[in-house]
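>>> Pasted the sequence and its predicted model underneath.
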Amino acid sequence: QVQLVESGGGLVQAGGSLRLSCVVSGGSFSSYAMGWFRQAPGKEREFVAAISWSGGSMSYTDSVKGRFTISRSNYKNTVYLQMNSLKPEDTAVYYCAAADTRGGVIRPLNEYDYWGQGTQVTVSS
């Protein structure tokens, strides 16, 4: 059974930084495309960033380009999201997701096979 466990969320002031981690167990992490999504209260879950199975390709939603960086360690079965220059509008529950495919970056939410439980990120103004 594939499990994804996120960590690293918390409360931070605007302009600050956080690094989210997502550890994957029970599957073949090195063959998964990975993604980060977020869901703010009253809003739909939205794409944030994605990385290919090899780590050679990344994609970001426009609102986080230049501020967030997605990376992965196939040795540690972990995907990361480094978030800098955080803004109050980044406040949300952040989820990592895995797609069982040796493809490129994947943006659509419904193309992911496995999900974590989420970690709360709150940015105060």
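Yes, it's here.

>>> Give the residue spans of this structure that score low on pLDDT.
Judged against pLDDT under 70, the chain has no low-scoring part.

>>> The residue nearest the centre of the chain pairs with what?
Closest residue to the average C-alpha location of the chain: residue 36 at 2.3 Å, with Cα atoms, centre = their mean. Beta-bridge partners recorded for residue 36 (DSSP bridges): residue 49, residue 96.

>>> residue contacts, it?
Residues in contact with residue 36 (Cβ atoms under 8 Å, 6 or more residues apart in numbering) are 20, 22, 48, 49, 50, 70, 79, 81, 94, 95, 96, 97. The way it works is simple: take the backbone N, C-alpha and C, and place the C-beta from them, glycine included.

>>> Closest one of the residues you listed to residue 88?
residue 94 (14.9 Å; Cβ to Cβ).

>>> Can I take it that that closest one is in a strand?
Yes - under DSSP: H, G, I helix; E, B strand; the rest coil, residue 94 falls within a strand.

>>> Would you mind confirming that it makes contact with residue 48?
Yes - using Cβ atoms under 8 Å, residue 94 is in contact with residue 48, at 7.2 Å.

>>> what is in contact with those two at once?
In contact with both residue 94 and residue 48: 36, 37, 38, 81, using Cβ under 8 Å, 6+ apart.

>>> number of nearby residues for the second one?
Residues lying near residue 37 (other Cβ atoms under 10 Å) number 24.

>>> Please name the bridge partners of residue 123.
Going by DSSP bridges, residue 123 forms beta bridges with residue 12.

>>> list the contacts for it?
Counted by Cβ under 8 Å, 6+ apart, residue 123 has contacts 11, 12, 13, 14, 16, 86, 87, 88, 89, 90, 91.

>>> Let's see that with 7 Å instead.
Neighbour list for residue 123: 12, 14, 86, 87, 88, 90, 91 [criterion: Cβ atoms under 7 Å, 6 or more residues apart in numbering].

>>> try residue 72
34, 51, 55, 78, 79, 80 are the contacts of residue 72 under Cβ under 7 Å, 6+ apart.
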